[in-house]
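**Student:** I need the structure of the sequence given here:
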Amino acid sequence: MKSRPQGRTVAEYLAAVPAKQRAALRRLRKYILAAAPGAEDCISYRMPAVRYRGKVLVWYGASASHCAFYPGGLVKEFAAELAKFSTSKGTVRFQPEAPLPAALIRKLVKARITRTAPAKKTARVSSRTGS
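**Tutor:** This next block holds a predicted model:
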């Protein structure tokens, strides 16, 4: 793969990726969607992403030498569990032959849901008392 794959849809993006990486990314996508019922595929920043309740949760993609999962700022928090993978601030890189474990994907997606879910509005209680 000479340049970054592109597509207007996730299917188009994956079709442009070599077979090994495509299989790994499809597996990753399956586990992401299972961890976020009601989530939907989208393209964001020219790569596949998963949107949940109107907000993008995670991204994923392929490069010439690896696949990547982008769970945002959670990488540092899960550093111990991600130790055998190449990471940076918001990126987890892996080889198609050594994918991220399903349980870890689920944990990361659930953590992203918790952090991106809209805050519930609480009823304001007035501190005034009647005279």
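
**Student:** Go through the top strand by length along the chain and flag the buried ones.
**Tutor:** In the chain, with assignment by DSSP state E, the single longest strand is strand 55-62. Residues of strand 55-62 classed as buried under the neighbour-count rule (16 or more other CB atoms under 10 Å) are 56-62. No exception for glycine: its C-beta is placed from N, CA and C like everyone else's.

**Student:** Give me the sheet partners of it and which way each runs.
**Tutor:** Paired with strand 55-62 in the same sheet, following DSSP bridges, are strand 47-52 (antiparallel), strand 67-70 (antiparallel).

**Student:** what about the helices in this structure?
**Tutor:** 10-15, 19-35, 102-116 (DSSP state H).

**Student:** Out of those helices, which is closest to Gln95?
**Tutor:** Nearest of the helices of the chain to Gln95, taken as CB to CB: helix 19-35 at 8.1 Å.

**Student:** tell me which strands and helices the closest one is in contact with?
**Tutor:** Here helix 19-35 touches helix 10-15, strand 47-52, strand 55-62, strand 67-70, helix 102-116, going by 3 or more CB pairs under 8 Å, 6 or more residues apart in numbering; DSSP states H and E.

**Student:** Would you format these as a markdown table with mean pLDDT included?
**Tutor:** Shown next, in a markdown table, are the helices and strands packed on helix 19-35 (pLDDT from 0 to 100):
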| stretch | mean pLDDT |
| --- | --- |
| helix 10-15 | 96 |
| strand 47-52 | 96 |
| strand 55-62 | 96 |
| strand 67-70 | 98 |
| helix 102-116 | 95 |
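
**Student:** Including distance to Ala35, could the ones you listed go into CSV?
**Tutor:** Formatted as CSV, those follow (distance: least, CB to CB, whole Å):
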stretch, distance to Ala35
helix 10-15, 17
strand 47-52, 9
strand 55-62, 9
strand 67-70, 12
helix 102-116, 4
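
**Student:** circling back to that earlier point, can I get the helices of the chain in CSV with distance to Ala49 and mean neighbour count?
**Tutor:** Shown next, in CSV, are the helices of the chain (distance: least, CB to CB, whole Å; neighbours: other CB atoms under 10 Å):
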stretch, distance to Ala49, mean neighbour count
helix 10-15, 8, 16
helix 19-35, 9, 18
helix 102-116, 11, 17
